[in-house]
Structures are given as structure tokens and as C-alpha cells.
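S.K.: how does the following fold in three dimensions:
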Amino acid sequence: LVDDNGTAHSGRSAVVTDVNEMAVSAQSHVEDGEYDLALVLFGRILSIYRRKHGDVHPLVASAYHNLGIVHSQRGSLLLEGTLQQRHVRQQSLQCFQSAARTARDSLGKN
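M.R.: Presented below is the predicted three-dimensional model:
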């Protein structure tokens, strides 16, 4: 469950984690080049926002955008033109497209 402040709670109302703390931690992982850890946290944030707000909300768009940035940064470290780099760039593009679509669809709703 996620309360109105974005705090996730277990069924027993114990605080599991705060979305803002997760975002700060994810950003720290990005700055340290720990992209896989950042992707996990940003993915959790996306899931929390989607459960709380539905699929069409500016925060959901922001979460997709953050995932796209991390994938893009991961891709820039890979050997140019490799299958792995193309795959990571495709993931980045899909995230950015989802962000743009979600932001567009959420205009006027909030």
C-alpha cells in the first residue's frame, strides 16, 4: 500500500520505504556508475506510482523518463555498435517513448 505522501507500507502498516528516499538512493547509484542498482530502484518507484496513480500521471511519466536516462547512460559505456549496446539503447528509447506518451495523456488530468 502507498499512502498520500508516497510512502509504501506493508500490510501491517510498517513503513517499508519512502519513495523520495528511494529516488535519492537511485540518483546516488547513477552518480557512482551503479546503473543496475539505479534501474532496480527507479523500477520500484515506477511500480509504486502506477499502483498509486494509475498508468496516466505526470509522476509515472517522470519515472519512465528516469529509467530512460539510466539506460542511455549504461548504453554510452558499452562498445559502439554491439548488439548489447543496441539493446540497451532500444530500452532507453522505449522508456522515453512511454514517458512522452504518459505525459501527453496526463495533460489536463491533474
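
S.K.: residue 27: neighbour count?
M.R.: Counted with other CB atoms under 10 Å, the neighbours of residue 27 add up to 15. Backbone N, C-alpha and C define where each C-beta goes, glycine included.

S.K.: so it, which of the three states?
M.R.: helix (DSSP: H, G, I helix; E, B strand; the rest coil).

S.K.: for it, give me its contacts.
M.R.: By CB atoms under 8 Å, 6 or more residues apart in numbering, residue 27 lies in contact with residue 38.

S.K.: and it, what's its pLDDT?
M.R.: You'll see residue 27 listed with a pLDDT of 97.

S.K.: which stretches of the chain form helices?
M.R.: Along the chain, counting by DSSP state H, helices occupy 19-31, 35-53, 58-77, 83-106.

S.K.: single out the most deeply packed of those helices.
M.R.: The highest mean neighbour count among those, using mean count of other CB atoms under 10 Å, belongs to helix 58-77: a mean of 20.

S.K.: got the angle for that helix vs helix 83-106?
M.R.: Angle, helix 58-77 to helix 83-106, by axes from the mean of the first three to the mean of the last three CA atoms, to 10 degrees: 160 degrees.
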